[in-house]
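**Student:** Mind looking at a prediction? Sequence and model below.
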Amino acid sequence: MTGVSKSFDGNRVLKGVDFSVEQGEIHALLGENGAGKSTLLNILAGVIPRDGGDVHFDGTLYPHATIAQMEKAGVAFVHQELNVVNDLTVSENIFFNHELTYPFGLLKRTEMIARTRMLFERLGVDMDPTRKVGELKTSQKQLLEICRALHAEAKLMILDEPTTALGNDEIEHLFSILRQLKSEGRSFIFVSHKMPEVFQIADTYTVLRNGELISSGAVADATPFSITCDMVGEQYADEDVYRARELGPVVLELDRLTSESFRDVSLTLRRGEVVALTGLAGSGASELMQALFGAIPLLDGEIRAHGKPASGSIRAAMRGGIGMLPTNRKENSVIPDVSVLENLYLAEHSLSARRQWIHNAREIAQYENLRDALNIRTQGPGVAINSLSGGNQQKVFLARWLNTDADILLLDNPTQGVDVGAKEEIYGLILELATAGKTVVINTLEIPEIQKVSDRCVVLYAGDVVAVLDHDQINERDVMLYSTNAMNAAKGD
């Protein structure tokens, strides 16, 4: 791609960008949200036309690239927001739009299942081809999307934040697949906000900022600090933003909580406290958070908010002043193609459903208050939620719960899929909310994130709480030792 430019409504979002990927290369495309990465990749994939510049792929110039042309040429786009069909089986998703059929259109289901099994065996993926996709975990759906692109024999795969829903073991498995395919001559564009992953898997990198090419080169010749400085455009300092605060009385009590994913969890949380849950995939940390919001059932135990029962349903949790940001924005937060205002007011409308009227002027005034308080960058309350960056969408969903006066906030991977600058803003918001008296529970695998915001860290392993660490006890070594059960194994020895 040479000299590629693009404008929307007179706003130049790409300014003569050069970008190239070689055969058998993993190339990291980096930049903050709004830097122009998505626009550049959508032009490459034929989703949107460019205003200027040239696109060559595999030696061929594509003057007016279309999705069909680029797919036929061998370009596959695995989007961050999952595009699987939940009501179809795994094998039907693999062959979606490329189904094997008999005459008269009947599906060759047995052959599609067999070919899907062969693909999974080759890649070491443990997934039942006959299972409905709606029954899969988010991490399995992410792997399914990648497998679908591989099945299409793509020469170049665009992976947009492919690890956001994956645990550590699943990430390592994905990276082993990428290395295998790279050795076979496949190429990848790897979009990620996680610097350790970039330096673990990528060969080369390109940084965009404000629609311009800032830097490009070999990953081995750069550092996480230098690349981050290129992304944010100013001297970057990875500082600890944590601030100690005086905590109030107990507001949330977990009494012997047990479900299919965790056992006998008892914990008390105080007003103004930030508590982090963490653990490897399968630890039960995410399921514990979902249970606190009534999204999955408890087998035993009780949740009390402000001394009153808040167990049993999402509505009971909401009435207890509990709000939640789920880990998968697309499936569990976003109401697509409707406005920012409608998305923001969704929870409040649910709680006030018996009221006869909606007061539009009052809602817009409250939107403006929350927009200013959370620094939500949007062109107005009437624009579609899909037009916002991931970080700004997260702020809208946080505003959704602040608008209900929820004082216990459950944030499941709150910085997933957002850039470095937006992450720092979210960390600051969490601490501001805690200082204002909100109780915040976050679930994250990123230990530096835990160190930045949490008063305590609760580590789970295989459904059990194995450690509760105060802020000054939190460090990467010990949290990982507890997360893998190595600490307790060592004590046993």
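**Tutor:** Perfect, thanks for sending it. Numbering: from 1, shown residues only.
**Student:** show me where the stretch 1-150 of the chain has strands.
**Tutor:** Using DSSP state E, counting those that start in this stretch, the strands of the stretch 1-150 of the chain run over 2-8, 11-17, 26-30, 52-54, 56-57, 60-61, 75-78.
**Student:** got JSON lines for those, with mean pLDDT, distance to L144 and mean neighbour count too?
**Tutor:** Backbone N, C-alpha and C define where each C-beta goes, glycine included. Listed next are those as JSON lines, based on pLDDT from 0 to 100; distance: least, Cβ to Cβ, whole Å; neighbours: other Cβ atoms under 10 Å:
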{"stretch": "strand 2-8", "mean pLDDT": "92", "distance to L144": "31", "mean neighbour count": "16"}
{"stretch": "strand 11-17", "mean pLDDT": "90", "distance to L144": "31", "mean neighbour count": "18"}
{"stretch": "strand 26-30", "mean pLDDT": "95", "distance to L144": "21", "mean neighbour count": "25"}
{"stretch": "strand 52-54", "mean pLDDT": "95", "distance to L144": "34", "mean neighbour count": "14"}
{"stretch": "strand 56-57", "mean pLDDT": "96", "distance to L144": "26", "mean neighbour count": "14"}
{"stretch": "strand 60-61", "mean pLDDT": "95", "distance to L144": "30", "mean neighbour count": "9"}
{"stretch": "strand 75-78", "mean pLDDT": "89", "distance to L144": "10", "mean neighbour count": "23"}
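**Student:** low-confidence ranges in the stretch 1-150 of the chain?
**Tutor:** Low-confidence segments of the stretch 1-150 of the chain (pLDDT under 70): 33, 80-81.
**Student:** Tell me where it has helices.
**Tutor:** Secondary structure of the stretch 1-150 of the chain, counting by DSSP state H, counting those that start in this stretch: helices at 37-44, 67-73, 90-94, 109-123, 138-151.
**Student:** Show me what the fourth one is in contact with.
**Tutor:** If I follow you right, that is helix 109-123. Under the criterion Cβ atoms under 8 Å, 6 or more residues apart in numbering, residues 90-92, 94-95, 99-100, 125-127, 129-130, 147, 150-151, 177, 180 lie in contact with helix 109-123.
**Student:** Just the buried subset of those, please.
**Tutor:** In those, burial by neighbour count holds for 90-92, 94-95, 125, 127, 129, 147, 150-151, 177, counting by 16 or more other Cβ atoms under 10 Å.
**Student:** State the pair within those that is farthest apart.
**Tutor:** The distance between the two most remote of the buried ones among the contacts of helix 109-123 (Cβ to Cβ) is 21.9 Å, for E92 and I177.
**Student:** domain assignment for the protein?
**Tutor:** In terms of domains, the chain is parsed into 2-232, 250-492 (source: automatic domain parsing).
**Student:** Turn the ones you listed into JSON lines, columns for distance to A244.
**Tutor:** Putting the domains of the chain into JSON lines (distance: least, Cβ to Cβ, whole Å) gives the following:
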{"stretch": "domain 2-232", "distance to A244": "27"}
{"stretch": "domain 250-492", "distance to A244": "8"}
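**Student:** With distance to S139 added, can I get the strands of the stretch 1-150 of the chain in JSON lines?
**Tutor:** Output for those, formatted as JSON lines (distance: least, Cβ to Cβ, whole Å):
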{"stretch": "strand 2-8", "distance to S139": "33"}
{"stretch": "strand 11-17", "distance to S139": "32"}
{"stretch": "strand 26-30", "distance to S139": "21"}
{"stretch": "strand 52-54", "distance to S139": "37"}
{"stretch": "strand 56-57", "distance to S139": "31"}
{"stretch": "strand 60-61", "distance to S139": "36"}
{"stretch": "strand 75-78", "distance to S139": "14"}
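**Student:** Can I get stretch 244-256 in PDB? Just the C-alpha atoms.
**Tutor:** Written as PDB, here are the backbone C-alpha positions of stretch 244-256 (Å, rounded to 0.1, in the frame of the first residue of the first chain):
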ATOM      1  CA  ALA A 244      -4.500   4.900  48.900                       C
ATOM      2  CA  ARG A 245      -7.900   6.000  50.300                       C
ATOM      3  CA  GLU A 246      -9.800   5.800  53.500                       C
ATOM      4  CA  LEU A 247     -12.400   3.100  53.100                       C
ATOM      5  CA  GLY A 248     -16.000   3.100  54.400                       C
ATOM      6  CA  PRO A 249     -18.200   0.400  55.800                       C
ATOM      7  CA  VAL A 250     -18.900  -3.000  54.300                       C
ATOM      8  CA  VAL A 251     -21.300  -2.700  51.300                       C
ATOM      9  CA  LEU A 252     -21.000  -6.100  49.600                       C
ATOM     10  CA  GLU A 253     -20.800  -9.500  51.300                       C
ATOM     11  CA  LEU A 254     -20.100 -12.800  49.600                       C
ATOM     12  CA  ASP A 255     -21.100 -15.700  51.900                       C
ATOM     13  CA  ARG A 256     -19.900 -19.200  50.900                       C
END
